[in-house]
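Participant: Here's my sequence, what's the structure:
(2 chains)
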Amino acid sequence: VRRWRVALVLLLAAFLVGGHLYDITTQREHWPFSFYPMYGRVQKKPRLQVLTLCVITRGDDGKRHMMRITDDKYVPALGEARLRNILMAAWGRDGTQPGAVRRTGDVLRAYLREYEANRARNLHDGPPALEAQLCQMTWRVKGDASSQKARSVESLIGVRSGDGRVINYTADRSSAAPASMPTTNEVEGDLRPPADPDDAPGD
Amino acid sequence: MKSRAIFARPRIPMMHQATESFPQAPPSPISASRPRRALAGAFYDFWFAPATPTNLGICRLLMYALIFWFYWRIDYTVWASDSLDPAFANHPIFLFRFLHLPIGPIKTIAILEFIWKLGLLMCSIGLFTRFMTKVTFLAGIYVMALPNNFGKTGHGDAVLVLAMFVMALCRCGDGWSIDALIRAWIRRDPRGSARPASGEYRWPVRIVWLLTTMVFLGAGVTKLRWSGLAWITSDNLSNTIMQHYYGSISRAPSGLGLWVANHKLLCKIIAGLTILIEVGFPLALFSKAARWVLVPAMFLAQVGIYQLMGVLFLQFMFVYLFWVPWDGIGQLIEKTVKRMRGNGKYVMLYDGGCGICRSVASVVARLDVLHRIEPVDVLNEWPIVARRFGELSQERCLTDMHVIRPDGKVVTRFEAYRSLAWTIPALWIVLPFLCVPGVPWMGDRVYGYVAASRGSSCMVGAGR
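Facilitator: Next up, the predicted model:
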């Protein structure tokens, strides 16, 4: 092997190792390098807490109902898991970072537009949306996987369908009372493919 | 014949190669320099000890084929700037920020996606490999990076992008490729060797080993940094497994995960082993024994994650291909075939004065990975042929292709090619077609037409 090829190969190896080591050391991602954080956080409590997308609709009884979006037919282009990731990226850890409310509001507003446009084109059979919300759902997990109903559903932020107004429920908890009750009309996806490792709740 | 062997192990002394090419420390009378030189030699051998093109060629073939299989149905135009609201692209990755890459429109992405997927196919079969691996990498890195700008960085395909980068820089098309067959056709040398063993065929495999190691090391170190030993000693794994049975997060294929999650001690043992394998994975680079333990263990761990939690690392698993000793498997198959069918060979007689015949014989010889075919030139080596097969006439052998099967039966023309197809694994796929009634008759006519149209232009050498 020629000397310049030897040098090239060693340089390439150094670049690939260096890229990974930098990410591992700084705990920051520079795709395609990474520090591979999947399942890195310890899960000490037997509970599952996920941020999820919900749509508020008006039921036949005239009351507001919360519908958790888990079926990809309601998110045709992106898929539910990806939209959840987009909302998580916008909201951050707790929605307190600068711009988190605005960014999340933009995503929810864009989603509402898609939802209504697809409904108008009969691409899904969902009811008209009054509001799109980012919610935090919590389950108490058990060894027999019983009680699949969420222990709590907490609305974090919502965008109204009509005027596009953003409601930050975390800022004013009292205004969120009707929608932050546990869901009574969930739509659960039954035909989801095996999950992407990057959707792991431990991430 | 040995040098032609595609599965043959390199026989060049490794240390000899090392002292020739690797920059060495100047000789010193101090004895301490000897271990240093040995270390430098071992380091050089790790990267550049001569290897046949077999391993790298098979890895290339399978890796690109699997990537194509995995991604060909995925439509990347859904990520285009005119498909999705810009609000969704809220997670621009470093690559896009650094190079100021935009999220392209549907048309641009569709073109790049087509080039990438076509490139994957061409790289797999090894057609224009040197050029196509570069094109495929450049188109692929953009297309595969696109979704990572939306919400979250994925980790399944990054290692494939880096593996494609390595392939773009190496000579992965020298073995097991259409390019190799084209070269054989042009060289017209059935006795000629394939590409000789070289360090050029070892370092790409080793770089992918290194990549795999960095991934697992990174995962292990991150777990320890974020969670410490609590990742092992707490109920972490049990809780993590149970989480996947809630909230439509994933869909485990069975209830095995719940059974495991209910056995807390077992979960702690599994968690401990996981950290041990991940952090200890660098040992697989240097120790053959560690390789035999750690690589299958990590593979099984990923299969286990799917079984317990329904989380699949499928595309990532393609890099395990590079850890398989394909040449060793080839030797094993060769030995088994020999044991089953004996040492007898198919003797292929070809006209050494005819360019087409030599090209065809050369390609057949390159496809003969089981080393069951012996090409013999009836023009220049007739005394040998006459001594071995006294009943044959040189004139007939120069007119038609002859093959003498291991059982002594002589077959000619189309039937000769069909008998060779039985010994060439790459042609097994067409064997049923060659046996369809009518095909032999048609094949014989085609053979006759090609043989008759051999003009003076295809005459080579001074034998005639």
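Participant: All the strands of chain A, residue numbers only.
Facilitator: A:47-58, A:64-68, A:129-140, A:152-160, A:166-168 (DSSP state E).
Participant: ok, now the stretch 1-150 of chain B?
Facilitator: For the stretch 1-150 of chain B, applying DSSP state E, counting those that start in this stretch gives no strands.
Participant: how about low-confidence regions in the chain?
Facilitator: Let's take chain A. A:172-203 (pLDDT under 70).
Participant: that's the wrong chain, I wanted chain B
Facilitator: B:1-32, B:455-464.
Participant: mind redoing it with 80?
Facilitator: B:1-33, B:192-194, B:247-251, B:341-343, B:453-464 (pLDDT under 80).
Participant: partners of the closest residue to B:Arg202 other than its chain neighbours in the sheet?
Facilitator: Nearest residue to B:Arg202 in three dimensions, chain neighbours excluded: B:Ala51, at 4.2 Å (C-beta to C-beta, 6 or more residues apart in numbering or on different chains). Glycine gets a C-beta too; all of them are placed from N, C-alpha and C. Taking DSSP bridges as the rule, B:Ala51 bridges to B:Ser198.
Participant: do the same with A:His30
Facilitator: A:Phe33.
Participant: Which residue lies nearest the spatial centre of the chain?
Facilitator: I went with chain A, as the question did not name one. A:Arg84 (2.1 Å; C-alpha atoms, centre = their mean).
Participant: wrong one, I was asking about chain B
Facilitator: B:Cys59 (1.5 Å).
Participant: Run through the residues that contact it.
Facilitator: B:172, B:205, B:208, B:321-322, B:326 (C-beta atoms under 8 Å, 6 or more residues apart in numbering or on different chains).
Participant: Would you mind putting those residues into a markdown table with secondary structure, distance to B:Ile111 and neighbour count alongside?
Facilitator: Shown next, in a markdown table, are the contacts of B:Cys59 (DSSP: H, G, I helix; E, B strand; the rest coil; distance: C-beta to C-beta, whole Å; neighbours: other C-beta atoms under 10 Å in any protein chain shown):
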| residue | secondary structure | distance to B:Ile111 | neighbour count |
| --- | --- | --- | --- |
| B:Cys172 | coil | 25 | 30 |
| B:Val205 | helix | 32 | 21 |
| B:Val208 | helix | 29 | 24 |
| B:Leu321 | helix | 29 | 19 |
| B:Phe322 | helix | 31 | 25 |
| B:Trp326 | helix | 35 | 21 |
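Participant: From those residues, pick the one nearest chain A.
Facilitator: Comparing these against chain A with C-beta to the nearest C-beta places B:Val208 closest, at 9.6 Å.
Participant: Spell out the residue ranges of the helices in chain A.
Facilitator: When assigned using DSSP state H, the helices of chain A occupy the ranges A:3-26, A:80-91, A:100-120.
Participant: correction: the stretch 151-300 of chain B
Facilitator: B:158-169, B:178-187, B:203-227, B:230-233, B:236-243, B:256-261, B:264-280, B:283-286, B:288-309 (DSSP state H, counting those that start in this stretch).
Participant: Highest mean neighbour count out of these?
Facilitator: Most buried of the helices of the stretch 151-300 of chain B, by mean neighbour count (mean count of other C-beta atoms under 10 Å in any protein chain shown): helix B:236-243, with a mean of 25.
Participant: any idea of the angle it forms with strand A:47-58?
Facilitator: Interaxial angle, helix B:236-243 versus strand A:47-58 (axes from the mean of the first three to the mean of the last three C-alpha atoms, to 10 degrees): 20 degrees.
Participant: Return the closest of the contacts of B:Cys59 with respect to B:Phe43.
Facilitator: B:Val205 (16.0 Å; C-beta to C-beta).
Participant: For the spatially closest residue to the closest one that is not a sequence neighbour, give me its contacts.
Facilitator: Distance criterion C-beta to C-beta, 6+ apart; nearest residue to B:Val205, sequence neighbours excluded, is B:Phe322 at 5.3 Å. Residues in contact with B:Phe322, defined by C-beta under 8 Å, 6+ apart, are B:59, B:63, B:163, B:205, B:208-209, B:212.
Participant: residue of the stretch 351-464 of chain B with the smallest distance to chain A?
Facilitator: For the stretch 351-464 of chain B, C-beta to the nearest C-beta, closest residue to chain A: B:Arg366, 23.9 Å.
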